[in-house]
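Student: kindly return the folded structure for what I paste below:
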Amino acid sequence: MPRVTVTIENHIAYVRLTRADKMNAVDQDMIDGIIAAGEEVAASEARCVVVSGEGKAFCAGIDITGLAGMMGKEPADVLMPRTHGNGTTNQWQEVAMIWACMEIPVIAAIHGVCFGAGMQLALGADIRIAAPDTRFSVMEMKWGIVPDMGGMVLLPKLVRSDILRRLTYTAEQVAADQALSWGMITEIADDPLAAAKTLAETISGKSPSAIRAAKRLIAIAETQDAADVLNAESRLQSELIGKPHQMEVIAAQMGKRPAVFK
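Tutor: Below you'll find the predicted structure:
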């Protein structure tokens, strides 16, 4: 069975972790499957992505037994080569960063547990919707290591420094309501997959070019100085105004009908 499946319906890509018998723990096949799924979605005409896990959990973290291939090797020889992400990531980092760098919005629907590698995968999403009984953990310290799958790029954007340090130093498990309070997740829903689907349908009904431009603009706004952000606002806006997608939005609004994008 594949570790990850991709289904595209109505311009929404549904990416599903399918190793339910292991609570979707990440082994080498799962790493390969997640990256391949990201590449497939990026090459498709999808306008939004929903990432979820089958069975009892979103993802229980790294499957230590499944990564025995690293034993006996010099860690730096394995971890330091920049093999993915246009020379910026290794394969473990690409598991999260391929979604963070996706041109379209990504929504993670989380339930059960979201530990370690699973936490970092979820951080790669734009939006995280969790079930009320979900538990989260930056788990790596349990094994005497540090987060190394993009977590230190992504988590500091969401939580205060003291929270980041507490989570990293302790590897403690955090309930969904606490995760929401700290900014780790976006919202709590009884059925996170259904909530994610509804949100994805809303997003996919917007102008595809405007949504992609908005994601680029937000990334610039989060990392660049004011002058660069102001310039990006004007540049991206000029690329949208009067173009087919924007004209269809106006026509749909005037006609009180759903927009249809080609």
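
Student: Provide a list of residues in contact with Ala221.
Tutor: 229, 232 (Cβ atoms under 8 Å, 6 or more residues apart in numbering). Placement of C-beta: from N, CA and C, glycine included.

Student: is it true that Ile188 touches Arg128?
Tutor: No: counting by Cβ atoms under 8 Å, Ile188 does not reach Arg128; the two are 10.0 Å apart.

Student: which one of those two is surrounded by more residues?
Tutor: Arg128 (28 against 18; other Cβ atoms under 10 Å).

Student: could you measure from Lys215 over to Ile163?
Tutor: Shown here: Lys215 relative to Ile163, a distance of 25 Å by Cβ to Cβ, to the nearest Å.

Student: now swap in Val41 and tell me
Tutor: 31 Å.

Student: ok, now Ile241?
Tutor: 40 Å.

Student: do the same with Ser52
Tutor: The value you get for Ser52 to Ile163, if Cβ to Cβ is used, is 26 Å.

Student: can you tell me the SS state at Ser52?
Tutor: Secondary structure for Ser52, judged by DSSP: H, G, I helix; E, B strand; the rest coil, is strand.

Student: in contact with the nearest residue to it once chain neighbours are set aside: list those residues for me.
Tutor: Closest residue to Ser52 apart from its sequence neighbours, by Cβ to Cβ, 6 or more residues apart in numbering: Ala109 at 4.2 Å. Applying Cβ under 8 Å, 6+ apart, we find Ala109 in contact with 50-52, 58, 129, 192-193, 195-196.

Student: 10 Å - rerun?
Tutor: 14, 16, 50-53, 58, 122, 125, 127-131, 189, 191-197, 199-200 (Cβ atoms under 10 Å, 6 or more residues apart in numbering).

Student: quick one, strands of this structure?
Tutor: Taking DSSP state E as the test, the strands found in the chain are 4-9, 12-17, 48-53, 106-110, 113-115, 127-130, 135-137, 174-175, 187-188.

Student: for Ile211, find the nearest of these.
Tutor: strand 48-53 (7.8 Å; Cβ to Cβ).

Student: chain center to the closest one, what's the gap?
Tutor: Put simply, strand 48-53 sits 8 Å off its chain's centre (Cα atoms, centre = their mean, to the nearest Å).

Student: stretch 127-139 now?
Tutor: 13 Å.

Student: what are the ranges of the helices in the chain?
Tutor: With helices called from DSSP state H, the chain shows them at 28-42, 75-79, 91-100, 117-123, 151-154, 161-170, 176-182, 192-204, 208-223, 226-238, 244-255.

Student: out of those helices, flag the one nearest Ser137.
Tutor: helix 117-123 (6.6 Å).

Student: name the helices or strands packed onto that closest one?
Tutor: helix 28-42, strand 48-53, helix 91-100, strand 106-110, strand 113-115, strand 127-130, strand 135-137, helix 151-154 (3 or more Cβ pairs under 10 Å, 6 or more residues apart in numbering; DSSP states H and E).

Student: on that earlier part again, which of Val41 and Ile163 has more neighbours?
Tutor: Between Val41 and Ile163, Val41 has the larger neighbour count (other Cβ under 10 Å), namely 24 against 18.

Student: quick one, what contacts the more buried one?
Tutor: 6, 8, 13-15, 48-49, 51, 98-99, 102-104, 106.

Student: which two from those end up farthest apart in space?
Tutor: Pairwise over the contacts of Val41, using Cβ to Cβ, the maximum falls at Tyr14 and Glu103, 17.6 Å.

Student: can you pick out the residue with more neighbours from the two?
Tutor: Between Tyr14 and Glu103, Tyr14 has the larger neighbour count (other Cβ under 10 Å), namely 21 against 12.

Student: many thanks, have a good one.
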